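Enquirer: quick one: sequence and predicted model below, then my questions.
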There are 4 protein chains.
Amino acid sequence: MDFEALIGANDGGVVQIRRDLHRHPELAFLEYRTAAKAAGLLSALGWQVKAGPEVMDASTMLNPPDAEAVHAAQAQALAEGAPAEWIARMPGGQTAVVAELSRGEGPTVAFRFDMDALPVAETEAEAHRPNQGGYRSTHPGVMHACGHDGHTAIGLALAARLAQPATRWRGRIKLIFQPAEEGGRGAQPMVAAGVLDDVDHLFVGHLGCLLPSGQIAPVATDFLYSSKIDATFTGQGAHAAMGPQEGRNALLAGAAAALGLHGITRYAEAVTFVNVGVMRAGSGRNVVADRCHLMLEVRGSTEEALAFMRRRAREVLEGAAAMQGVSVTMEDMGGTIGFTPSEAAAATVADIAAGVEGIAQVVPSWPIGGGDDATYLIKRVQDRGGSATYFMLGSDLAGIHHAADFDFDEASLRQGVDLLAGIADKLLAPAD
Amino acid sequence: MDFEALIGANDGGVVQIRRDLHRHPELAFLEYRTAAKAAGLLSALGWQVKAGPEVMDASTMLNPPDAEAVHAAQAQALAEGAPAEWIARMPGGQTAVVAELSRGEGPTVAFRFDMDALPVAETEAEAHRPNQGGYRSTHPGVMHACGHDGHTAIGLALAARLAQPATRWRGRIKLIFQPAEEGGRGAQPMVAAGVLDDVDHLFVGHLGCLLPSGQIAPVATDFLYSSKIDATFTGQGAHAAMGPQEGRNALLAGAAAALGLHGITRYAEAVTFVNVGVMRAGSGRNVVADRCHLMLEVRGSTEEALAFMRRRAREVLEGAAAMQGVSVTMEDMGGTIGFTPSEAAAATVADIAAGVEGIAQVVPSWPIGGGDDATYLIKRVQDRGGSATYFMLGSDLAGIHHAADFDFDEASLRQGVDLLAGIADKLLAPAD
Amino acid sequence: MDFEALIGANDGGVVQIRRDLHRHPELAFLEYRTAAKAAGLLSALGWQVKAGPEVMDASTMLNPPDAEAVHAAQAQALAEGAPAEWIARMPGGQTAVVAELSRGEGPTVAFRFDMDALPVAETEAEAHRPNQGGYRSTHPGVMHACGHDGHTAIGLALAARLAQPATRWRGRIKLIFQPAEEGGRGAQPMVAAGVLDDVDHLFVGHLGCLLPSGQIAPVATDFLYSSKIDATFTGQGAHAAMGPQEGRNALLAGAAAALGLHGITRYAEAVTFVNVGVMRAGSGRNVVADRCHLMLEVRGSTEEALAFMRRRAREVLEGAAAMQGVSVTMEDMGGTIGFTPSEAAAATVADIAAGVEGIAQVVPSWPIGGGDDATYLIKRVQDRGGSATYFMLGSDLAGIHHAADFDFDEASLRQGVDLLAGIADKLLAPAD
Amino acid sequence: MDFEALIGANDGGVVQIRRDLHRHPELAFLEYRTAAKAAGLLSALGWQVKAGPEVMDASTMLNPPDAEAVHAAQAQALAEGAPAEWIARMPGGQTAVVAELSRGEGPTVAFRFDMDALPVAETEAEAHRPNQGGYRSTHPGVMHACGHDGHTAIGLALAARLAQPATRWRGRIKLIFQPAEEGGRGAQPMVAAGVLDDVDHLFVGHLGCLLPSGQIAPVATDFLYSSKIDATFTGQGAHAAMGPQEGRNALLAGAAAALGLHGITRYAEAVTFVNVGVMRAGSGRNVVADRCHLMLEVRGSTEEALAFMRRRAREVLEGAAAMQGVSVTMEDMGGTIGFTPSEAAAATVADIAAGVEGIAQVVPSWPIGGGDDATYLIKRVQDRGGSATYFMLGSDLAGIHHAADFDFDEASLRQGVDLLAGIADKLLAPAD
């Protein structure tokens, strides 16, 4: 689908783009179609666009995809209409895109939009709107189950709005399209590439999160510190009946570890979470499994709580390995940090939100109930003296985030565009 | 490598063929290169060869490979020199081959050789002879770790020997090349196709199994009844921090089941085994896993003990599902039965074995320490009044069966050919 | 030790009484020495004292102690100096005591003090002040590890203070000495007996809870709804080597349940806790355990979260039983509910606290980090139109509550007496 | 009940004594009533009786009972009619009794009888013969669930028979009444005291073990090597809601260990068993459990298999401790070894058995399906050149050994006496 035509056609463009993205979800660091089509549109709209290594420091990418996965994603993106010239500028999973537009002197205002989808198989239930509307994911086992399709659509519609000659703003606007928010790996390489170093005002938002449609919260709370960890147990294979005693069972080590990790005690004065999301063990039914791979994450509402969870996770993994006489290695695969909102940025959101059509209530804050590595972007801006906040854009949900029946209220998209355009107008209002 | 050249060249042929097969291991029901090259050679040697649906009843194949896997295996076999005309005769994983040769009136003597390899990654250790000799597996993650390469090589060398005009036997010889012995799925379709219905004497053997080089046991004992079971837990995904309480965790159900299955009590008057060889759960680190797949097997030395293990496995799986509020389905994927040797067949093996060059000792029996679905073949022959046994061909091992460093003493291969040729000569000796 | 002498002697009396109680800790519903000595002192001070069935409805006691335990506790109390006439008035573990004093017309002000200790073995560490001061527990395995010795001492010192003729208050004061706060079983029988039905103002407090010495919080927050559950698995014994397959293993069911219960997922928008505090299984080393008893509790910051924890606990227990083919029964053993403070009561505490000697700071609220069944008392008072709050009395701790090295700052005791006396003086100030 | 009267009265004496013993079961090293009454009777019959330290080396007793338990058992025995003078000769749980009778020159023939019962609560089912016959255990939670009441009764009836002046034997007979067979702790102290050092022929037997009534096997097979191990986990207590993260959970370590121990893999060429028979953890529902005690045993049919089980048990225990950050200690509490029968002794049993009234079949051997530390006695006799065997005395069972409904066919008792008396007569036949 031609994004330029969509944007130009009518106000429904943001919804059409969202649905196009929803049909073509891409996993973290593999957002080739999304990023290349976005870059193409932004460029066509007159924005100065950078992509790939220009805006990401590859040396700081945790757990980048392997060459085979990159190649497959690029081929699929090409086949699905992404411009080859932009794909060519994004080697090795470096799918970040940054668009800038300057109009005379003035501060720099930046907005962040994340682009990646999740390894979730979208429901086939009839009641699911994407099924009714014909925009269900066409990529088996991959789904925009967290609303990043909506975020990217807002960013592109905003780009079209702000590029209109009739707008009066002065200064510089930076639109940051970030890969790999899920897993917490996309933000830090962009910080390392200096993308945030000239930003005076940064606004990041998220759709949904149980905040109802018609509400905006200028501050998201309850950001969690998190660590993503991969653990691999290595044992010794053996025939399961001819000599199982010769084996050392990595699968059982992983099973005990999974139970033990989920059994790490609650923390009395902080919020904590733990999840072993993936376990892969063994290769043959009648062979003692010699290998087990776990993908897990721990979270905490304070650095201390996260440290506790990390320490306990290590104990559990090492103890489970010892129980089976196998070895275990652990690798840090990403993470997120908490954040403190800048008062000025929060006040700006509150001020503009009150005037957005369709917004009935501005609540002071709302828990995000998860994490977002945009906090690294926010920290960088604040460390350099800038102002930043993370806001919530209310949107009634069908299923919960990350579930196979996740869906949000598309009416919120236009509200998102209005909010951000209003912020830019206010902060970059001409002196005259 | 051209098998005809190898066989014709010299007595070392059996070793060369074994090494060629060792370099190209193929999983159960995907033995396209092995089966097609064998069929080609057998045909060239003058045997009447049947393959695929002629000798397998597809309707009784448990858990056949999917079309994609079959296609990939066929393509690989072609690329590695297998004759296309034989591959074409083996659709849908039907890789069985049966060769017959008749010389006048006389009984039918059959020999069984299994062809499949295992999902084991062969060791890269220098001391491993296949590494020293340059015949390590070239198929990543697949290895002849149970000696079936040797079995097939013996069968082909035996075919060459028995086809020589100089041999004096009268009657009919049937060489059965069976797929999918691992997992216990290849024998029953051949029984269902009637392959065994005209066999008067059947001999099946196995290399190694801790019987030292230079020894033969006419009877293998301790065959176990076994069931291969796949279990799938289905839960409910959810964001691991935004709403984990909305999820139902299939991964934890699988982990508890794995521990519970391995913890099924010993049985006081029978031998039992259990193994969860494979576990695959979840799709994303920060998503509550909504699916978990286990591949397991239970074994027992008596039908009663197997029934106990099956009952307990079901209780464990269902209870583990209930603990997490998830559902579970179980599917039978194959199995084996025990066997009782025919005295006549055992006596024949003992008689010939004593005269084989290199055989220092004939021990009455030896535990196989596992199972083999050849017991279905044996049962069919015995049920129809024929005579059959399962013998052990001693061979010093490096690593244990199914381990990444498994290897056997290649000197045993020639002894195997001599033994079987001797049996044919004796049972099919001309009346004059 | 003679409490009358202690109280009369000097201001150190509250500390001396606390130490005497600390040396003689008594478990829930077995506080015979504590209750009888308290009743004796209160009576001697001129209070009208009721005890046992007069102030407890035995039919609503959950899990009362058995006759043997009651008899042993009574005998021990007698041997340690408790007055026989009061013990005689407390049959069947009904150890509640209520003291009233009236002076003309006026409202009724009540204070609650809990008396029970915990099944914790007090540390023998030298640094532990009770060891240095010679007032370590003399009852093996029982310890005042939550400060109820301090609460009771405050109550008795307050009784002495308020009974002095020089005090000017008018109206009625009710001192409620509650048994069995631990486990949440003592409050409801007192509610059922009508003890709270004439109370206009109720104040309940707790020492410590990580609020530092010198601080008071008029409102304790984070009260948790809780359920105490006993679960018993019943299987089938068998000789562990002669026929383990005949058994059904209750110990393994309990072990899987314990791991599963602690592995119940966190709840994204509420605080939850779970603890299996006690497990007892099996009778002989070489017998398959036919019985396993678990004592557990689940908590939640909302009724919904508690309901979730209860549902999941039931699933885990029943699933674990099914895994082993054993049966399980569950019994509710007590519980607590949350609470909302009355503004008037909180304001009164804040007002008086500010003037208490040694109190440097009044913080608006402080999390209790647990539960207290005094919330049933508060609810009864509020339901009838009265005013109530639960306050925190700061006290520096050595070890944490319920730990073997728990200890608090005894300087807080006097502050507690001053606070409550001040509250009574204010609310019962004569009109003139 | 007066044993002398019973023995003297009629042939039913052996049954009456068994029932008396069945009503008064006593745990290992606490068999005060049994041993003292036996000693009294043996002495009255004219045997020379030694007891306690004379026939046990206390320094080699593993895990002797504590003083309190000994005192209680002695008091109970006294109250139930045991002679005080014999109790006085058995301090500290040293309850062994040895009776000798000599008649001129000749070899020494010894018989072993074990006396201890099990911590099993006898069934209250009506169909249970001890309930019908009024000889159910009167000691709550203790039961003769392995037939040692029958063994001891046979020994005493044999003593009466052999002491009759009419018997013609010449030489020396030694009756060994051993304590603490369960747990494998009673035999070694008797070996250490030299009890076996003058024995030329030793016969030990066991009732039941699934050998039917009317059958005798001169050789019991499948004796297992075993180790009894106590493991104690020590963690850190904490309030389960106020600060569970301060705790280290010993109960969860024990639970994971129990599952892990039962999950130790089968051994391909040997029989193994494992049982965690007892688990005790924690002291309070709302306290993180700081202590967990496991009583377990591992067995193997070979020394190598036992070594494997011990190594794996250690790994599991240490790994489970590490998972929870707790410490663990392990203590050896006893064990058994295997045995090889002396051909001469086995032949003697077979010879005599064939002539015993009621014995219809002598089977060559029968699996005991467990262990017995009498193998230490046998080993000592054989090491010194003597001859020994362990025979099985068939007896139809109601429930299985160690179950609450265990019971045997009392008709076997008389057969046991006849068998042993016959053996003595044969081996000690006068030369003339």
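Expert: All right, it came through fine. The shown structure was predicted, so the numbers you read here are calculated from the model rather than taken from an experiment.

Enquirer: following the lengthiest helix in chain A, which helix or strand comes up?
Expert: Secondary structure of chain A per DSSP state H: the longest helix is helix A:303-324. For helix A:303-324, the succeeding helix or strand toward the C-terminus, using DSSP states H and E, is strand A:327-336.

Enquirer: what's the following helix or strand after that following strand?
Expert: Downstream of strand A:327-336, the first helix or strand assigned by DSSP H and E is helix A:343-353.

Enquirer: which residues of the stretch 251-400 of chain A lie near chain C?
Expert: A:259-260, A:262-263, A:265-266, A:268-269, A:271-274, A:367, A:369 (CB under 8 Å from any CB of the partner chain). Every C-beta, even on glycine, is put in place using the N, C-alpha and C of the backbone.

Enquirer: now do 7 Å
Expert: A:259, A:262-263, A:266, A:268, A:272-273, A:369 (CB under 7 Å from any CB of the partner chain).

Enquirer: would you list the buried entries among those residues?
Expert: Taking 16 or more other CB atoms under 10 Å in any protein chain shown as the criterion, what is buried in those is A:259, A:262-263, A:266, A:268, A:272-273, A:369.

Enquirer: between those, which is nearest residue A:388?
Expert: Using CB to CB, the shortest approach to residue A:388 within these belongs to residue A:369, at 20.2 Å.

Enquirer: rewinding a little: which one of the residues of the stretch 251-400 of chain A next to chain C is nearest to residue B:129?
Expert: So of those, ranked by how close each gets to residue B:129 (CB to CB), first place is residue A:259, at 41.1 Å.

Enquirer: enumerate every residue touching the closest one.
Expert: Residue A:259 makes contact with B:252, B:255-256, C:259, C:263 under the criterion CB atoms under 7 Å, 6 or more residues apart in numbering or on different chains.

Enquirer: from residue A:189, how far off is residue A:377?
Expert: 11 Å (CB to CB, to the nearest Å).

Enquirer: let's have the contacts of residue A:259 in TSV, adding secondary structure and pLDDT.
Expert: Putting these into TSV (DSSP: H, G, I helix; E, B strand; the rest coil; pLDDT from 0 to 100) gives the following:
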residue	secondary structure	pLDDT
B:252	helix	98
B:255	helix	98
B:256	helix	98
C:259	helix	97
C:263	coil	97
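
Enquirer: which of those residues sits closest to residue C:106?
Expert: residue C:263 (54.8 Å).

Enquirer: need the contact list for residue A:377.
Expert: Residues in contact with residue A:377 (CB under 7 Å, 6+ apart) are A:112, A:187, A:191, A:196, A:202, A:204.

Enquirer: cutoff 10 Å now
Expert: Going by CB atoms under 10 Å, 6 or more residues apart in numbering or on different chains, residue A:377 touches A:110, A:112, A:176, A:178, A:186-188, A:190-191, A:195-196, A:199, A:202, A:204, A:339, A:388, A:390.

Enquirer: any idea of the pLDDT on it?
Expert: Residue A:377 is assigned a predicted lDDT (pLDDT) of 97.

Enquirer: report the secondary structure element holding the closest residue to residue A:160 other than its chain neighbours.
Expert: Setting aside the residues directly before and after it, residue A:160 is nearest to residue A:7 in space (CB to CB, 6 or more residues apart in numbering or on different chains), at 4.3 Å. Take DSSP H and E as the rule and residue A:7 turns out to sit in helix A:3-9.

Enquirer: and the residue in the stretch 1-150 of chain A that chain C sits nearest to, helix, strand or coil?
Expert: Here the residue of the stretch 1-150 of chain A nearest chain C is residue A:146; by CB to the nearest CB that distance is 14.8 Å. Following DSSP: H, G, I helix; E, B strand; the rest coil, residue A:146 is assigned to coil.

Enquirer: in chain A, where is pLDDT below threshold?
Expert: Residue ranges of chain A with pLDDT under 70: A:1, A:6, A:8-12, A:369, A:432.

Enquirer: can you map out the helices along it?
Expert: Using DSSP H, helices in chain A cover A:3-9, A:13-23, A:32-44, A:67-79, A:84-87, A:129-133, A:148-162, A:187-192, A:250-262, A:303-324, A:343-353, A:374-383, A:411-427.

Enquirer: just the ones you listed: most buried one?
Expert: helix A:250-262 (a mean of 30; mean count of other CB atoms under 10 Å in any protein chain shown).

Enquirer: that helix: how far from the chain's middle?
Expert: 28 Å (CA atoms, centre = their mean, to the nearest Å).

Enquirer: same thing with stretch A:100-110?
Expert: 25 Å.

Enquirer: and that stretch, what's buried?
Expert: Using 16+ other CB under 10 Å as the burial criterion, the residues of stretch A:100-110 that qualify are A:100-101, A:106-110.

Enquirer: export it to CSV, keeping only CA atoms.
Expert: Provided in CSV are the C-alpha atoms of stretch A:100-110 (Å, rounded to 0.1, in the frame of the first residue of the first chain):
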residue,chain,number,x,y,z
GLU,A,100,14.5,15.9,10.9
LEU,A,101,12.9,19.1,9.7
SER,A,102,14.3,22.6,10.5
ARG,A,103,12.7,26.0,10.1
GLY,A,104,15.0,28.8,11.2
GLU,A,105,16.3,29.1,14.8
GLY,A,106,14.6,27.4,17.7
PRO,A,107,14.9,24.5,20.0
THR,A,108,14.8,20.9,19.0
VAL,A,109,11.6,18.9,19.8
ALA,A,110,11.7,15.1,19.4
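
Enquirer: gap between the spatially most central residue of chain A and residue A:371?
Expert: The geometric centre of chain A, computed from its C-alpha atoms, lies nearest to residue A:181 (CA atoms, centre = their mean), at 2.4 Å. Noted for residue A:181: a distance of 9 Å to residue A:371, by CB to CB.

Enquirer: contact partners for residue A:228?
Expert: Counted by CB under 10 Å, 6+ apart, residue A:228 has contacts A:62-63, A:182-185, A:275, A:277, A:295-299, A:331-336, B:285-286.

Enquirer: residue A:372 is in contact with the residue nearest to the centre of chain A, correct?
Expert: Yes - under the contact definition of CB atoms under 10 Å, residue A:181 touches residue A:372, with a separation of 6.2 Å.

Enquirer: ok so, going back, quick check, the residue of the stretch 1-150 of chain A closest to chain C in contact with residue A:152.
Expert: No - applying CB under 10 Å, one finds residue A:146 not in contact with residue A:152, separated by 11.7 Å.

Enquirer: OK, now which residue of the stretch 51-200 of chain A is nearest to chain D?
Expert: For the stretch 51-200 of chain A, CB to the nearest CB, closest residue to chain D: residue A:184, 23.7 Å.

Enquirer: what's the burial count for that residue?
Expert: Neighbour count for residue A:184, taken as other CB atoms under 10 Å in any protein chain shown: 27.

Enquirer: ok, now how distant is it from residue A:341?
Expert: 19 Å.

Enquirer: what do you get for residue A:425?
Expert: Residue A:425 sits 21 Å away from residue A:341, going by CB to CB.
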